[in-house]
Every structure is written in C-alpha cells, then in structure tokens.
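Participant: A predicted structure for the sequence below; I have some questions about it.
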Amino acid sequence: MKRFEFIEHPADIGVRIRGKNFPDLLVSGARALEYMLEPVIPAENKPIGKNLNIAGTEEEILIGFLNELLFFATVRNLLFRKFLITIEHLKNGYRARIGMKGVRISGCLKEIKSATYHGLTVVKKRKMLEAVVIFDV
C-alpha cells in the first residue's frame with residue numbers, strides 16, 4: 001500500500017493519504033508531512049515522548065493532528081516518528097489519544113504553514129480509508 005501521493009494543486013501542496021483504519025491514516029499523514037518538511041536530524045539524539053488528546057470528527061482530528069506535528073517540528077524542533085493511537089467513540093464524534101516518540105531536529109529545509117480543511121474528506125475506498133489534505137505553503 002502506498003501511504004501517500006502528491007496531487008496537483010495550483011498554489012499549495014495536495015496530498016492523498018491512505019490507511020487501513022483511522023489510526024493508520026493519521027500515521028500516513030505524519031509520514032507525508034515529514035517528507036514535505038525535509039527535517040535536518042543531528043546524528044546524536046535522545047528520544048523524546050509527548051502525548052496528544054484530540055476530540056472531534058475524523059476530519060477535525062486529522063487536521064488537528066497534522067497541525068500539532070507541524071507546530072512541534074517548526075517551533076519546538078521536535079520530529080515524531082512513532083505513534084501509539086487509540087480512538088474512542090464519543091456521543092458526537094471521536095477522541096484520539098496519541099502517544100508519540102521522536103527526536104530533536106535542527107530545523108526543516110521546507111516551510112509549510114498549515115494543514116487546511118479546504119476540500120477535506122475522509123472516505124472509505126476498497127477496505128481502506130483515504131483523505132485528500134491541502135497544505136498551505
């Protein structure tokens with residue numbers, strides 16, 4: 001399975017991400033974001049852990065997660081690569097509890113402003129979840 005692929009967009013960056021379930025879709029989004037940012041990772045590094053709790057619709061959780069990762073990478077110089085994700089069904093949506101492990105980075109070679117809601121949908125296709133996310137650059 002190809003986790004992500006870039007799609008045409010006139011001004012920003014469009015990415016189609018796929019996952020076998022919603023947590024896997026979030027990880028695919030994280031992989032695409034790391035690829036786009038081109039982080040500079042020092043040779044010697046200590047592991048760092050953080051936790052996130054995000055509630056809302058699948059779309060709100062996806063965009064919230066990607067923007068949190070973007071904040072950590074560009075402001076705090078932290079890149080997360082390992083994720084333990086649990087999804088809890090709520091009355092009006094979901095709650096994602098996300099444990100993250102990563103490393104400190106020196107910076108990123110590419111700049112991305114944010115993941116946007118523009119044209120965002122999370123759909124099921126052939127036993128897979130798929131979303132198209134537009135990143136503002």
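Facilitator: Yes, it's here.
Participant: tell me the pLDDT at the residue lying closest to Ile13 once chain neighbours are set aside?
Facilitator: Distance criterion Cβ to Cβ, 6 or more residues apart in numbering; nearest residue to Ile13, sequence neighbours excluded, is Phe135 at 4.5 Å. No exception for glycine: its C-beta is placed from N, CA and C like everyone else's. pLDDT recorded at Phe135 is 96.
Participant: strand partners of the helix or strand Phe135 falls within, parallel vs antiparallel please.
Facilitator: With secondary structure defined by DSSP states H and E, Phe135 is part of strand 128-136. Its sheet considered, strand 128-136 pairs with strand 13-19 (antiparallel), strand 114-116 (antiparallel), strand 122-125 (antiparallel) by DSSP bridges.
Participant: mind giving me CSV with these and columns for mean pLDDT?
Facilitator: Formatted as CSV, the strands paired with strand 128-136 follow (pLDDT from 0 to 100):
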stretch, mean pLDDT
strand 13-19, 96
strand 114-116, 97
strand 122-125, 92
